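[1] below are the sequence and a predicted model for it; my questions follow.
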Amino acid sequence: GAVTVNQAGNNFQSTVTASGTNVALRDTDAIQLGNITATGTFGVTAGTNITQAAATAVIVTGTTSLTATAGLITLEQTGNDFQNTVTASGTDISLRDANALQIGNITATATVKLQSGSGQDISRSAGTISGTIVRLISAGSIGTAVNPIQTVVGKVAGSANGNIYITDSGTTAGGVNIGAGDGNADNLAGLTTTSATGVIRFEETANPQGIVAAEAVSAVGGGVTILAHSPLTVNAAVSDNGGGNILLAAEGQTAADDLTINANVTASGGNGNIQLYAGDSISVAAAQIVSATGMGTVTAIAGTDYNSGTPQDGTSSGGIGMASDAEIRTEDGNITLRAPGDISVAVLNANSDADAARGAVIVSADDSGVSGTQSNNVGAITDANAATLNVTAQSLELKAATGIATSANRLELNVGTVAGRVVCEAVLMFTMVDA
């Protein structure tokens, strides 16, 4: 039968155990759970904390509802098995399931930690996770492509042995951070999958200050996609070392929609491609390297709103800027830079493995964009690193409106063939360097 002990004046001053069909408990103060078995639903309401005694298990066949009015919820014992949707509300919330963990609304004023076990997933039936920091640890996947985990948070970190699909719709000042920023608590930093087919996809849909990748994002073959509603700032390494593709996009059509790369972006271990998009400008900071191995290509397109996979024109002034010691590398794949505005070139090396095969390089300033109408006869290609070699490639195509380098600061090239086109001012300056 049912266990219903839910009067407002209840005060359980020691551990509570219960077994029944539907189990409902209420405590005016804190409540500590022992072994709980509910073949139907399970609900707990407490004035302060909901906790669990060591070496006990909460096993629920139906839905679970947990409300800590002015306290935390900590149900972290390894034997817990929530077999249906769990909803929870409190200050800090930490839930662990020996198997799959299916969530509804999880509402915290501080941190949330969710963990699944036995190769099973963290999935979403409905609702969102809200809090200041969210940590997701899964022995399977986190969310799905059609039903990603929905968050409204300031910081997110996750690790999985499968896919990671997270969509954030928060409006936290400074943007949403990838990374908990708490010294790798639970050995968890950034977003990481250990599955060779595991996909990482993180999308932010509402924050006007976009995404900051504050801690590493790493996959091993399934690929990485990070889409920001507004700016995207990469402050920690983004990598796929198993041949997967990487897509980074600052979506939108305003001057604020910039992609800023302050850390290495690496596709290795195969032929993974790298795509970089910005509604306005793309910048690669000092000493940072964007690199792809094998036949993998690197494509950077400024002034283009990726628009969730249906690109459209962004601003008509967006450019691409490289610091003097920044590099974009491929082994045998092509490198393409396109922008409606200016492009400054540091090192573009389409033969980073120094073998006989080289990729092609295309650099197009004053580019016409998706619509073919963005070109406005303004846009130059400049040399960002003085006398250092700029381009290594089998072939090179350059296009600009207001000049390709200058007589005082020429492009240094190690290429087989060069095709240069200046559509306005007749300035095309380069120096060939022996291989």
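    That came in fine, so what should we check first?

[2] low-confidence ranges in the chain?
    By pLDDT under 70, the weakly predicted segments of the chain are 183-184, 420-435.

[3] return the distance of Arg329 relative to Leu276.
    Separation of Arg329 from Leu276 (Cβ to Cβ, to the nearest Å): 14 Å. All C-beta atoms are positioned from the backbone trio N, CA, C, and that covers glycine.

[4] who has more neighbours out of the two?
    The neighbour comparison of Arg329 against Leu276 (other Cβ atoms under 10 Å) goes to Leu276, with 26 against 23.

[5] element containing the more buried one, please.
    Applying DSSP states H and E as the criterion places Leu276 in strand 274-278.

[6] related to what we said a few turns ago, give me the common contacts of Arg329 and Leu276.
    290, 298 (Cβ atoms under 8 Å, 6 or more residues apart in numbering).

[7] re the thing from before, gap between the strand holding Leu276 and the chain center?
    With Cα atoms, centre = their mean, to the nearest Å as the basis, strand 274-278 stands 13 Å off its chain's centre.

[8] same question for stretch 173-190.
    12 Å.

[9] and it, what's buried?
    175-181, 188-190 (16 or more other Cβ atoms under 10 Å).

[10] next one: stretch 371-385
    374-375, 378-385.

[11] got the end-to-end distance for that stretch?
    32 Å (Cα to Cα, to the nearest Å).

[12] ok, stretch 144-151 next?
    14 Å.

[13] what does it rub up against?
    103, 122-124, 127-130, 134, 136, 142-143, 163, 165-170, 176, 199, 201, 203.

[14] go again with 7 Å.
    122-124, 128-129, 134, 136, 142-143, 165-170 (Cβ atoms under 7 Å, 6 or more residues apart in numbering).

[15] what do you get for stretch 62-79?
    30, 38, 40-52, 55-58, 82, 84-96, 98.

[16] which residues sit in contact with Ala256?
    Per Cβ under 7 Å, 6+ apart, neighbours of Ala256: 230-231, 280.

[17] the residues you listed into JSON lines, with extra columns for secondary structure, distance to Asn390 and neighbour count?
    As requested, the contacts of Ala256 are exported to JSON lines (DSSP: H, G, I helix; E, B strand; the rest coil; distance: Cβ to Cβ, whole Å; neighbours: other Cβ atoms under 10 Å):
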{"residue": "Ser230", "secondary structure": "coil", "distance to Asn390": "32", "neighbour count": "20"}
{"residue": "Pro231", "secondary structure": "coil", "distance to Asn390": "28", "neighbour count": "24"}
{"residue": "Asp280", "secondary structure": "coil", "distance to Asn390": "24", "neighbour count": "27"}
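
[18] of these, just say which sits nearest to Asp240.
    Pro231 (22.7 Å; Cβ to Cβ).

[19] give the bridge partners for Asn414, please.
    Thr392 (DSSP bridges).

[20] measure it to Ile381 for me?
    17 Å.

[21] secondary structure added to the buried residues of stretch 173-190, as TSV?
    As requested, the buried residues of stretch 173-190 are exported to TSV (DSSP: H, G, I helix; E, B strand; the rest coil):
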residue	secondary structure
Gly175	coil
Val176	strand
Asn177	strand
Ile178	strand
Gly179	coil
Ala180	coil
Gly181	coil
Leu188	coil
Ala189	coil
Gly190	coil
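
[22] can you give me phi and psi for Asp186?
    When read as degrees, to the nearest 10, the backbone of Asp186 gives phi 60, psi 20.

[23] who's in contact with it?
    Taking Cβ under 7 Å, 6+ apart, one finds 135, 137 in contact with Asp186.

[24] also Val298?
    Val298 neighbours (Cβ under 7 Å, 6+ apart): 274, 290, 292, 328, 330, 335.

[25] if we use 8 Å, what do you get?
    Val298 touches 273-274, 276, 290-292, 328-330, 333-336, counting by Cβ under 8 Å, 6+ apart.

[26] any quick ChimeraX command for the buried ones out of those?
    Selection of buried members from these for ChimeraX, criterion 16+ other Cβ under 10 Å:
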select :273,274,276,290,291,292,328,329,330,333,334,335,336
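
[27] kindly indicate which of the contacts of Val298 lies nearest Tyr306.
    After measuring the contacts of Val298 against Tyr306 - Cβ to Cβ - the closest member comes out as Leu276, at 9.6 Å.

[28] now the closest one. Nearest residue, chain neighbours left out?
    Ala300 (4.2 Å; Cβ to Cβ, 6 or more residues apart in numbering).

[29] quick one: strands adjacent to the strand or helix carrying the one you found?
    Here Ala300, judged by DSSP H and E, is contained in strand 298-301. Sheet pairing for strand 298-301, assigned by DSSP bridges, gives strand 274-278 (parallel), strand 335-338 (parallel).

[30] and the nearest residue to Asp92 once chain neighbours are set aside, how far from Ala292?
    Residue nearest to Asp92 in three dimensions, not counting chain neighbours: Leu72, with 4.2 Å by Cβ to Cβ, 6+ apart. Shown here: Leu72 relative to Ala292, a distance of 45 Å by Cβ to Cβ.
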